[in-house]
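In: Need a 3D model of the following:
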Amino acid sequence: MKKESARWRAAIEALVTQASQHDAEDDAALGSRRGEELPAALARREDRLATIEVAMRRVEARAKAAAEAERTRRAEAEAERQRAGTTRRGHTPTAVDETPDDKAPRSCTAPELPIMPTKNKGGDSGGNAHVRVDGAGQIMVACDVTAAAHDKQQAGPMAQMTAAYLAQAGIEKPQDAAGVVERIVRT
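Out: From the prediction side, this is the model:
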């Protein structure tokens, strides 16, 4: 019984030693960063607070711009009612609120990316990338990133962008054997 437990203990010690050696080799090759650390911009508390403050100012600015647009829309509607000589129907509208919604989507790490809807009724910060590639040479001809979650609306604009880039480069559209210009199609 003692021989078997000593053998197990030796095997476990060998595995632990081997794992420690692998860790040391990884640290030597990759350094102490393993990829799960915070980005440099968020590593320090002050930087994180400043980043959050900038994001809050951006959300507040969007809310103020939306409130101003609503005031302008209401003023134009009132001016149109005055010109037409009609009276307001329904309840008196509430005052325009400039404070941002508590659940307004915001991203501190990538503010330029929109919040896209996801299947689970939530949102994810990101974009939907579309690329047009030449079939023969596998060369990217046009690319775009949109906030549209569905790809169907992007086929037409991508075809137009491809045609514009080909024209800008002085490349004629491909022709079939009869000399008819081929359409740019979605694949």
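In: I'd assumed Val145 was in a strand, is it?
Out: Yes: the assignment for Val145 by DSSP: H, G, I helix; E, B strand; the rest coil puts it in a strand.
In: and it, how many neighbours?
Out: By the measure other C-beta atoms under 10 Å, the count of residues near Val145 is 14. All C-beta atoms are positioned from the backbone trio N, CA, C, and that covers glycine.
In: show me the contacts for the nearest residue to Val133 once chain neighbours are set aside.
Out: Spatial nearest neighbour of Val133, excluding adjacent residues (C-beta to C-beta, 6 or more residues apart in numbering): Met140 at 5.6 Å. Shown in contact with Met140 (C-beta atoms under 8 Å, 6 or more residues apart in numbering): Val131, Arg132, Val133, Asp134.
In: what do you get if the cut-off is 10 Å, keeping everything else the same?
Out: Residues near Met140 by C-beta atoms under 10 Å, 6 or more residues apart in numbering: Val131, Arg132, Val133, Asp134, Tyr165.
In: The helix or strand where the first one lies pairs with which strands, parallel or anti?
Out: Here Val131 is covered by strand 128-133, with elements defined by DSSP states H and E. Paired strands of strand 128-133, with direction, are strand 140-146 (antiparallel) (DSSP bridges).
In: Please point out which parts of the partner strand sit buried.
Out: Of the residues in strand 140-146, Val141, Ala142, Thr146 count as buried by neighbour count, 16 or more other C-beta atoms under 10 Å.
In: With respect to Ala66, which of the residues you listed is nearest?
Out: Closest to Ala66 out of these is Thr146 (21.2 Å), distances taken as C-beta to C-beta.
In: For the closest one, which non-adjacent residue is closest in space?
Out: The shortest distance from Thr146 to any non-neighbouring residue, by C-beta to C-beta, 6+ apart, is to Asn128 (5.3 Å).
In: Following element in sequence after the strand or helix carrying Arg74, please.
Out: Secondary structure from DSSP H and E places Arg74 in helix 45-84. Counting by DSSP H and E, the element after helix 45-84 in chain order, helix or strand, is strand 115-117.
In: what separates that next one from the chain centre, distance-wise?
Out: Its chain's average C-alpha position is 8 Å from that of strand 115-117, according to C-alpha atoms, centre = their mean, to the nearest Å.
In: Quick one: mean pLDDT over it.
Out: Strand 115-117 shows a mean pLDDT of 72.
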